[in-house]
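>>> Give the three-dimensional model of this entry:
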Amino acid sequence: MTYATIRVEEVGPGVGLLTLDRPDVMNAYTTEMCEEVVAALDAYARDDTRRVLVITGEGRGFCSGGNLADGTARSTAEARQLGHAIVMREGFHRLSLALRRLDKPVIAMVNGPAVAGGLTLALLCDFRIASDRAVFGDPSGTAGLLPDEGGAWLFPRAMGLDHALRMVMLGERYDARRALELGLVTEVVPHAELRERTLAMAGSLAARAPLAVRLAKRMMYRSLEATFESSLGDAELSVMIANASEDAGEGVQAFLARRPPDFRGR
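Numbers count the residues shown, from 1 in each chain. So this is what the prediction gives:
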């Protein structure tokens, strides 16, 4: 597909790269960008040759959140009542749900500021490899706005309620090292090594048994909102699929033979 606000390319065996491509506004999202990202995620989910997706931003920023100059929410007659809610529901909320429902792994390659909706986008990914130049926070409150892209759910789970309240209510921002301490990122690397390190992780994930990776991701995310007993029930159902796969047989044989496994996704 041809996109106007993003780029999608293959950067390694089984690894795709989605780049937010509005560098002049620090990759601030618009309704159009959200629609294009959702379409790209759908294509990724359906393509069995793609096992890992990396998301990053063009230029010096990852994503600065919503484009306040977009004006979409005020462009229709119902804007006085439901316009903003409709724009969120049909825009970034669709993107948030698409990422949350995706059972293939996604890595955020955070090359610069990830703030407001940009931080939410990064937290919706499974891993966040951050440049030492990256900055994190949610300054929406300074403009009288809210963490309405999903941040109110994600922030406390990532960094604890106290820190989330300070960030949102006081507009605190954090450099990459502090973000790592708070649990907002997985790893911090020198900016010059960001792409190499991220693609190395992506390649490692792509080489693993894809069925087991996808089922493990589903199990862990579902367990966040489940009882221990229901989580065990999920595990019972998942092993019925994974343990009977060709990849599981190959993995056991490779382990016993002390050789690298050759996973085929079957």
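>>> Let me see the domain layout of this structure.
6-206, 210-257 (automatic domain parsing).
>>> would you turn these into TSV with mean pLDDT?
Below are these laid out as TSV (pLDDT from 0 to 100):
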stretch	mean pLDDT
domain 6-206	90
domain 210-257	79
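>>> Most tightly packed of those domains?
domain 6-206 (a mean of 19; mean count of other C-beta atoms under 10 Å). Any C-beta I mention is one placed from the backbone N, CA and C, and that applies to glycine too.
>>> now do the same end-to-end measure for that one.
For domain 6-206, the first-to-last residue distance is 23 Å (C-alpha to C-alpha, to the nearest Å).
>>> sorry, back to before: would you list the domains of the chain in CSV and tack on distance to R266?
Below are the domains of the chain laid out as CSV (distance: least, C-beta to C-beta, whole Å):
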stretch, distance to R266
domain 6-206, 10
domain 210-257, 4
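>>> L205 and P190: what is the separation?
Applying C-beta to C-beta, to the nearest Å, the value for L205 to P190 is 22 Å.
>>> Could you check how far S230 is from M219?
From S230 to M219 the distance is 11 Å (C-beta to C-beta).
>>> I meant M240, not that one.
Look at M240 and M219: by C-beta to C-beta, they are 13 Å apart.
>>> list the contacts for the most centrally placed residue in the chain?
In the chain, the centroid-proximal residue (C-alpha atoms, centre = their mean) is C125; its distance is 2.0 Å. Listed by C-beta atoms under 8 Å, 6 or more residues apart in numbering, the contact set of C125 reads 55, 99, 106-108.
>>> G251: what's it in contact with?
Applying C-beta under 8 Å, 6+ apart to G251 gives the contacts 209, 261, 263.
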